[in-house]
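In: Here's my sequence, what's the structure:
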Amino acid sequence: MTRIRARLLVLHVLVLALLAVLAVRLWQVQVVHGQEFVTRATETRTRVVISPAVRGQILDSSGRPLVRNKTALVVSVDRTRLSRMQDGGLAVLRKLSAVLGRPVKDLQQRIRPCGPGVGKPCWTGSPYQAVPLDEKVDTREALQILERQEEFPGVTAEVNSVRQYPGGRAGAQMLGYLQPVTQAELEKREGLKASFSGVDLAGRDGLEYVYDDALRGKAGLRRVQVDRMGKPLGVVEQVTPVAGDHLVTSIDSRVQAVVEKALAKAMKSAPAADGGAGVVLDARTGRVVALASAPGYDPEIWAGGISARGYQWLMSEKSGKPLVSRAINGQFAPGSTFKVTSVSAMLRAGYPLNGTYSCPGSYMVGGRAFNNFRGIGLGSMNLHTALVKSCDTIFYRAAYEQYLKDGGRTPKKKPKEVFANVARQFGFGAPTGIDLPGESGGRIPDRAWKKELWDQTSAVTCTRARKGYPELKDRARAAFLKQLAVENCAEGFLLRPGDAANFSIGQGDVLVTPLQLARAYQALVSDGKVRSPRIGWAQVRPDGKVVKTIPVPVVGKLPLSEKERLYIKNALSQVAADGTAAGAFAGFPMDQVRVGGKTGTAEVWGKKDTSWFASFAPTKKPQYVVVVMVSQGGMGGSTAAPAVREIYEGIYGIKRRPAVPGGRLTTRLPRFAPDGTVAGG
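Out: Take a look at the predicted model:
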């Protein structure tokens with residue numbers, strides 16, 4: 001009996017201990033951590049569904065859409081609902097694959113959530129958000145889904161907003177494109193990280209990237225209450241999305257179309273041509289009127305996500321890398337278009353503006369003969385005629401003399417390097433600062449650049465000097481490259497006489513972009529101020545209210561007096577009528593629109609010449625600066641100059657309807673009605 005009582009006592013103590021532990025635990029759960037568990041319980045009962053904002057349009061200077069939104073039938077899938085099916089929704093995806101004509105594997109990849117180790121494509125948004133699978137569904141396909149909804153549970157076909165490009169390929173590189181946001185991009189762009197909704201598409205290039213914050217707007221949300229199985233019970237909170245601002249640009253879509261057509265024709269006329277660019281600036285303000293690059297591509301390729309194969313095509317050598325803009329990224333020797341800086345350098349070095357200079361067929365520079373075009377001597381002339389007739393030897397001599405004044409091969413401690421420094425004052429050798437991403441800076445080679453390049457490459461160069469190029473089958477080329485390596489290994493850090501001579505005519509190591517050249521000519525023919533070009537003109541709310549205007553910054557000044565600048569401008573005004581571009585402009589009505597400019601034919605080792613023409617019109621009070629470049633296009637007067645002529649004919653309506661009536665660009669923003677539609681220009 002005593003043993004039974006002892007056992008019962010132990011059992012009572014054990015039960016009381018368990019009750020005490022349970023009481024302590026309940027006190028911890030309800031009192032100590034009560035609020036925490038309430039919050040967690042609330043979170044598990046609430047799901048956030050993001051409502052992306054309508055992205056702002058990109059408009060031209062008169063309010064015509066360059067990029068707009070269009071309504072389209074979009075097929076979306078509720079991946080949460082599919083995941084609860086016994087087969088994970090595979091049967092539904094197979095039926096959907098048959099309707100859309102897309103592989104099941106592709107559909108599966110697009111609805112899987114993004115995360116570590118998950119490749120593209122994948123879904124970056126909320127699992128409670130419908131995942132768009134196809135943005136180009138026609139009505140017949142949509143009806144197959146909607147009319148047989150029992151066969152497509154979790155699948156919807158709705159009208160949504162997607163990007164549309166009315167101009168097709170025109171300005172594709174300039175406009176940019178949209179893509180889902182990556183984690184790396186969120187970390188890089190703090191502003192995007194702060195406002196990212198989780199489902200937004202973000203600008204990845206061009207204007208879409210630069211003005212992404214303004215265009216994207218602010219996403220809305222719906223906070224949905226769900227049961228423990230995830231079934232929606234009701235809407236707890238709803239925030240309406242705020243549409244993005246429209247971006248009004250200085251681009252004239254009519255001029256852009258003219259430039260695109262002229263550039264395509266120029267490329268076709270030169271069988272070896274592998275790339276080209278056309279730039280039109282407002283000569284009065286420095287704003288960009290048109291920016292074209294060839295080859296181009298259709299930006300619709302980005303709609304609904306691009307395949308790996310499609311992206312490789314955009315960046316491949318075989319396709320000509322159409323994703324790259326030759327206008328701001330292409331770097332080429334400018335040829336004789338660069339002589340405006342050389343004349344300016346001569347004036348800064350003390351050569352007389354109205355002096356007389358000899359233009360022989362060749363000139364000896366450091367023991368080597370540098371020839372005029374085709375070795376033809378043109379006699380004595382002034383600098384005006386030197387530009388019109390494009391004499392080379394005058395500039396060879398001046399550049400060599402300044403090279404010797406700086407000490408030649410044994411330079412002074414602080415050489416003046418007047419030719420290089422004047423070129424920089426024209427804006428060459430550095431990005432223009434245009435409101436586009438990834439712009440190239442070109443190259444102005446001076447003594448410091450030569451030394452820096454040698455430091456970086458001397459090890460490889462000296463190895464090649466010893467071993468040569470045994471892998472090359474072309475023996476002559478291998479021998480030439482080996483001899484070049486021997487010279488560069490021994491004295492590649494020195495600026496040589498030939499380097500100075502080539503610099504003066506825009507050859508050798510000089511590289512510029514078409515936009516840099518247009519910017520320099522705009523400063524020369526307007527007021528002497530160097531500007532940072534702008535495409536964006538104003539941000540406008542959807543209701544028509546102007547949020548802000550975008551100014552064109554002045555970033556420098558040409559090293560010329562007003563008299564000197566007008567002297568050079570007047571010389572250039574004769575080139576199309578009586579100079580190296582006279583053939584291209586034969587029969588052009590100069591009495592209606594007088595065109596000035598400068599041709600350029602730049603030699604490229606192993607390739608055809610680069611064809612250039614930099615121009616402005618009308619010559620008295622310039623409205624436009626037009627530059628065309630065709631890589632491997634041949635002589636400037638035979639390929640680029642005819643393209644520029646065609647652009648002016650299109651703008652002013654010579655033998656056709658004018659792209660710009662009266663030839664005068666608008667100086668006022670388009671007017672918007674209260675509903676956001678364009679009311680007038």
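In: what residue ranges in the stretch 251-400 of the chain are flagged as low confidence?
Out: Low-confidence segments of the stretch 251-400 of the chain, defined by pLDDT under 70, span residues 304-308.
In: Could you pull out the strands in it for me?
Out: Here the stretch 251-400 of the chain has its strands, by DSSP state E, counting those that start in this stretch, at 275-282, 288-294, 357-359, 362-365, 368-371, 379-381.
In: nearest to residue 12, of those?
Out: Closest approach to residue 12 among the strands of the stretch 251-400 of the chain (CB to CB): strand 288-294, 90.1 Å. Every C-beta, even on glycine, is put in place using the N, C-alpha and C of the backbone.
In: packing partners for that closest one?
Out: If contacts are counted by 3 or more CB pairs under 8 Å, 6 or more residues apart in numbering; DSSP states H and E, strand 288-294 sits against helix 172-175, helix 253-269, strand 275-282.
In: hmm, back to that, let me have the strands of the stretch 251-400 of the chain in CSV, extended by distance to residue 552.
Out: Below are the strands of the stretch 251-400 of the chain laid out as CSV (distance: least, CB to CB, whole Å):
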stretch, distance to residue 552
strand 275-282, 9
strand 288-294, 10
strand 357-359, 37
strand 362-365, 40
strand 368-371, 39
strand 379-381, 37
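In: Break the protein down into its domains, please.
Out: 72-160, 253-321+517-663, 335-504 (automatic domain parsing).
In: Give me whichever of the ones you listed is most buried.
Out: When those are scored by mean count of other CB atoms under 10 Å, the highest mean neighbour count falls to domain 253-321+517-663 (a mean of 20).
In: What separation do you get for residue 642 and residue 412?
Out: 46 Å (CB to CB, to the nearest Å).
In: Also residue 381?
Out: Residue 381 is 32 Å from residue 412, by CB to CB.
In: Which helix or strand contains residue 224?
Out: Following DSSP states H and E, one finds residue 224 within strand 220-226.
In: Each with direction, which strands does that strand pair with?
Out: Strand 220-226 sits in its sheet next to strand 46-51 (antiparallel), strand 232-239 (antiparallel), going by DSSP bridges.
In: and the next element down the chain from the last one?
Out: Looking back up the chat, that one is strand 232-239. strand 246-249.
In: now the first one
Out: Going down the chain from strand 46-51, the next helix or strand is strand 58-59, by DSSP H and E.
In: what helix or strand is residue 598 on?
Out: strand 596-602.
In: Report all helices and strands that that strand contacts.
Out: helix 562-572, helix 575-578, strand 610-617, helix 640-652.
In: Which among these is found nearest to residue 62?
Out: Of the helices and strands packed on strand 596-602, nearest to residue 62 by CB to CB is helix 640-652, at 14.5 Å.
In: okay, the angle between the closest one and strand 275-282?
Out: Angle of helix 640-652 versus strand 275-282, following axes from the mean of the first three to the mean of the last three CA atoms, to 10 degrees, is 40 degrees.
In: for helix 640-652, what is the average pLDDT?
Out: The predicted model assigns helix 640-652 a mean pLDDT of 97.
In: ok, the spatially closest residue to residue 169 that is not a sequence neighbour - contacts?
Out: Leaving aside its sequence neighbours, residue 169 sits nearest to residue 296 (CB to CB, 6 or more residues apart in numbering; 4.3 Å). By CB atoms under 8 Å, 6 or more residues apart in numbering, the contact list for residue 296 reads 169, 170, 172, 173, 260, 322.
In: so what's the residue nearest to residue 375 when sequence neighbours are not counted up against?
Out: Distance criterion CB to CB, 6+ apart; nearest residue to residue 375, sequence neighbours excluded, is residue 361 at 4.6 Å. Shown in contact with residue 361 (CB under 8 Å, 6+ apart): 371, 372, 375, 376, 377, 393.
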